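Peer 1: fold the following, please.
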Amino acid sequence: MSVVIGIDLGTTNSAIAVVEDGIPFVLANEAGERIMPSALYTHSEADFKIGSPAKRAGSLNPKNLITSTKRLIGQTSTTIGTDQNLSNLTVEGTTLFHQTEHGKFRPEEVSAEILKELKRTVEFRLGTPAEEAVITVPAYFNHNQREQTLKAAELAGFKVTRLLNEPTAAALSYGLNREKGKQTIIVYDLGGGTFDLSVLELNDGVFQVLSTAGDTQLGGDDIDQLLVDWIIEQSQLNTQTLDDLQKQRLSEAAQQAKCELSEETEVSITIPFFNAPEAENIDITLSRNEFETLITTLLKKTESLCLRALSDAELEVSDIDSVILVGGSTRIPAVRSLCEKIFKQAPNLSENPDESIAIGAAIQAGILSGAFKKVLLLDVTPLSLGIETFGGLMNVIIPRNTTIPCKAGEMFTNSITNQKTMAVRVLQGERELAKDNWQLGEFELEFQPQPKGQARIGIQFSIDENGVLEVLGRDTSDESDTLFQIEDIAVNVADSDVEQMIEDSVEHAFEDMHARRLTEAKLKSKELSSALETVFQHYGNLMTQEEETELPALLSELNQAIENDDLPALKALNKTIDQKTLGIASRITEQL
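Peer 2: Got it, this is the predicted structure:
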């Protein structure tokens, strides 16, 4: 009998959990490890070591060691900064690969091998096939990152029953056996490669995500790199002469120092026989105070995201009942102090930060399988989705922080007589003008030709429980449907750009709204101008003497206002012309 499992596919470490007799727990692999390093070592093109054996082999030959692949999955060269320092990274066009002595490996292929090892753990421990899984992803993973995670799972032989946002999984782990009643909680998730902050409301078994914020290129790996750079500077090493093995030894020393400083106030960083030209041995001391100063800027980035998520949820710090810490990097005392400073309360440390996400994934698997019948999970989409409409405006169909799964749609019409097709540009972002948002995809929708303004075209967006978007276009004249799936054409957006998008939407809110109102007013004015020209050409005999005097003068003023982008004049003239043309419009209708 197959079992549904929960998987935390992490940047640094991964874990797998199941539910038995109503109790979720993490499974240990054959070596007795409950947490497995997310590492792959290549012996050949098809012979790999996974986990701790891979890390050990990689210490001797780092050229064939692949780590931190989660930071690459679903990304392209245009969205990965040059400062990422990812191991064995090569680029062909915009496609990213891990390069080893035995060939190139795409991130989803590496993730698939890690998932296969987790699958073997379940089958070894439980003696039953592992075919279905709930897999966690950062809340701020975009569509392409989610799609490639699903692809990795498929390559590993899994059917994914749900992609679950990591902070939401942690909240499930925290809240399953807590007292009933309403609570508002913060999940602060700082893992090896990503940061997520989610605000959730727990109410008698209902878990509703109120808002999310995050950065998929911010985590423990970045802290390690800051430490590596510090060691290089303190030891006066020449970075141009460092080989792969030396870089690996520096990385391992930095990781060890980071972990030790969570318990100690000072550590010695010793790398014997380093063999760099400038230093035979490395032997330096790092205090916790120096370390905390070193990572201050990085932690400040998480603070701004915390405050934004609170604002999005329309909550104050005083509204928060509990703060949960998730991810190995939250063991750093400075991180815990920062959370206490932001949220004015000591964080809740009741859950194991390395296991809570896998436990939450297993609970979600239990919900889907019916093992937990009184738990309901309501997640949200982190950015607004819409289409470009006539005039270059962004028409939002699904607003940011809408609970998913969800469906929403609107009816549109044709702007040109006998128009047969409509270009549907799917957009993501928070700005009023289409040009200031990101394009996810563009499709050509065919429909029956109609006079201007008479076609009825329905556009429906559907986001499933995995956060994957489908767009349905419908010509209501014959009920024909066209379904578009946003797949590999999905935009890859760096998290810094997401932050900038939201900041810009706030900073330029007044200008954006003015631009929207001006565009809408000009569109109406141009329609009125065209309609008046038609009246003058074809229905002059139906006009009164007063209309023959007033309407041409108003048309002249209107065209001048359009040319000058004069919003107040446009609004006033539109209203006046609407009123002044009621009579002629009625007479034309009677004649027709």
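Peer 1: could you look up the next helix or strand downstream of the helix or strand of the chain with the lowest mean pLDDT?
Peer 2: For the chain, using mean pLDDT, DSSP states H and E, the weakest element among its helices and strands is strand 376-380, scoring a mean of 64. Using DSSP states H and E, the next helix or strand after strand 376-380 towards the C-terminus is strand 385-389.
Peer 1: from the middle of its chain, how far away would that next one be?
Peer 2: Remark: strand 385-389 is offset 19 Å from the chain centroid, using Cα atoms, centre = their mean, to the nearest Å.
Peer 1: could you do stretch 197-215 as well?
Peer 2: 15 Å.
Peer 1: over to stretch 348-364?
Peer 2: On Cα atoms, centre = their mean, the centre of stretch 348-364 falls 21 Å from the chain's centre.
Peer 1: could you work out the end-to-end span of that stretch for me?
Peer 2: 22 Å (Cα to Cα, to the nearest Å).
Peer 1: so which bits of it are buried?
Peer 2: 351-364 (16 or more other Cβ atoms under 10 Å). Heads up, the C-betas are built off the backbone N, CA and C, glycines and all.
Peer 1: residue 269 against residue 285, yeah?
Peer 2: Yes - counting by Cβ atoms under 8 Å, residue 269 touches residue 285, with 7.4 Å between them.
Peer 1: picking up where we left off before, which among the buried residues of stretch 348-364 gets closest to residue 255?
Peer 2: residue 354 (14.6 Å; Cβ to Cβ).
Peer 1: so which strand or helix has the closest one?
Peer 2: Per DSSP H and E, there is no helix or strand for residue 354.
Peer 1: what sits against it?
Peer 2: 13, 15, 35, 327, 328 (Cβ atoms under 8 Å, 6 or more residues apart in numbering).
Peer 1: which one among those residues gets closest to residue 317?
Peer 2: Nearest member of the contacts of residue 354 to residue 317, counting by Cβ to Cβ, is residue 327, at 21.6 Å.
Peer 1: the residue lying closest to the closest one once chain neighbours are set aside and residue 340: what is the separation?
Peer 2: Leaving out its chain neighbours, the residue that sits closest to residue 327 by Cβ to Cβ, 6 or more residues apart in numbering is residue 191, at 3.6 Å. From residue 191 across to residue 340, the span is 20 Å (Cβ to Cβ, to the nearest Å).
Peer 1: neighbour count: the two, which is higher?
Peer 2: Using other Cβ atoms under 10 Å, the more surrounded residue of residue 191 and residue 340 is residue 191, with 27 against 13.
Peer 1: okay, residue 269 and residue 285: which has more neighbours?
Peer 2: Set side by side, residue 269 and residue 285 show more neighbours around residue 269, with 20 against 11, by other Cβ under 10 Å.
Peer 1: quick check, the more buried one in a strand?
Peer 2: Yes - counting by DSSP: H, G, I helix; E, B strand; the rest coil, residue 269 falls inside a strand.
Peer 1: show me what it bridges to in the sheet.
Peer 2: Listed by DSSP bridges, the beta-bridge partners for residue 269 are residue 284.
Peer 1: check contacts around it.
Peer 2: If you count contacts by Cβ under 8 Å, 6+ apart, then residue 269 has 231, 253, 254, 257, 282, 283, 284, 285, 286 around it.
Peer 1: let's see that with 7 Å instead.
Peer 2: 231, 253, 257, 282, 284, 286 (Cβ atoms under 7 Å, 6 or more residues apart in numbering).
Peer 1: what's around the second one, how many residues?
Peer 2: In terms of burial, residue 253 registers 21 neighbours under the definition other Cβ under 10 Å.
Peer 1: how close does it sit to residue 224?
Peer 2: Residue 253 is 10 Å from residue 224, by Cβ to Cβ.
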